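In: how would this look folded up:
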Amino acid sequence: MIQAITFDLWNTLFTKKSYSEQRIHKFFLFLQERKISIPFDQFKNAFDAKFHFSEVTFEEIKFHHIYTKERIISVLEEIDVKIPQSDVDLLTREFEPMMLQNPPPLKKGVKKALEDLSPDYQIGLISNTGVTPGKIISKVLDEYGILQFFEATIYSDETGLFKPHPKMFEIPLTKLNCRPLNAIHVGDMLETDIKGAKDYKMHTIWVNDRNYPKSTEILPDFEIKQISDVIQIIRDFS
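Out: Numbers count the residues shown, from 1 in each chain. As a prediction, the model looks like this:
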């Protein structure tokens, strides 16, 4: 019997939106203002390579969350530039709230699904965060009128760990006082959402609205194309 439903955020509830271009130009201008000269293309290449740690795997970083300051320092090391810690802190404060200026759109049917499910089930949110911290994401959820539906919100910058680490599933289910076998996780990423939840003995729903190829190794319990389909699956399952 399902008692709790946990949702991923990016490309599950929100349509993913990048703020990298704004951050690149802000960072570059920041260096220019401090008389640090570097060709823009060289700087952009360094940012693209190092800010998002795209060259490393979750296993290599032992699932530890990568904080904004680490990302900034990684770019600076790549271009062999040193700035005071106070400037790193200033850039961090300017980078992290950018989502508030132009929030990512909610996916179709999200609010209605939460409204329909919340009277009968406990609902949680489990999200890996990049540069935007959980406290900013929660503000956006509140502005959209859906923060109220989540009895537990878990962000990687608050736990210090990325999904699929089991702690990212253990913490919300402990808060919701629910056993894994009585919980179902909804997410779009096979490796982080589906594998992580299944390894923790939860049921899973894969949101595959972008028609990704199926995996022969990671098998969700259900596959859907739109978030509204969660409602009937949960009703039938219960």
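
In: can you give me the helices for the chain?
Out: 20-33, 40-50, 68-78, 85-95, 110-117, 134-143, 156-159, 167-175, 195-199, 229-237 (DSSP state H).

In: JSON lines for the ones you listed, including mean pLDDT?
Out: Shown next, in JSON lines, are the helices of the chain (pLDDT from 0 to 100):
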{"stretch": "helix 20-33", "mean pLDDT": "97"}
{"stretch": "helix 40-50", "mean pLDDT": "96"}
{"stretch": "helix 68-78", "mean pLDDT": "97"}
{"stretch": "helix 85-95", "mean pLDDT": "97"}
{"stretch": "helix 110-117", "mean pLDDT": "97"}
{"stretch": "helix 134-143", "mean pLDDT": "98"}
{"stretch": "helix 156-159", "mean pLDDT": "98"}
{"stretch": "helix 167-175", "mean pLDDT": "98"}
{"stretch": "helix 195-199", "mean pLDDT": "97"}
{"stretch": "helix 229-237", "mean pLDDT": "92"}
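
In: want to throw those into CSV with distance to residue 183 and mean neighbour count?
Out: Every residue, glycine included, has its C-beta placed from N, CA and C. What follows is the helices of the chain, written out as CSV (distance: least, Cβ to Cβ, whole Å; neighbours: other Cβ atoms under 10 Å):
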stretch, distance to residue 183, mean neighbour count
helix 20-33, 34, 15
helix 40-50, 37, 15
helix 68-78, 31, 18
helix 85-95, 34, 14
helix 110-117, 13, 18
helix 134-143, 20, 17
helix 156-159, 17, 21
helix 167-175, 6, 19
helix 195-199, 8, 22
helix 229-237, 11, 16
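
In: TSV for those helices, including distance to residue 181?
Out: Shown next, in TSV, are those (distance: least, Cβ to Cβ, whole Å):
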stretch	distance to residue 181
helix 20-33	40
helix 40-50	41
helix 68-78	37
helix 85-95	40
helix 110-117	19
helix 134-143	27
helix 156-159	22
helix 167-175	10
helix 195-199	12
helix 229-237	12
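
In: nearest to residue 58, out of those helices?
Out: helix 195-199 (9.9 Å; Cβ to Cβ).

In: to residue 9, which of the helices of the chain lies closest?
Out: In terms of Cβ to Cβ, the element of the helices of the chain nearest to residue 9 is helix 134-143, at 6.8 Å.
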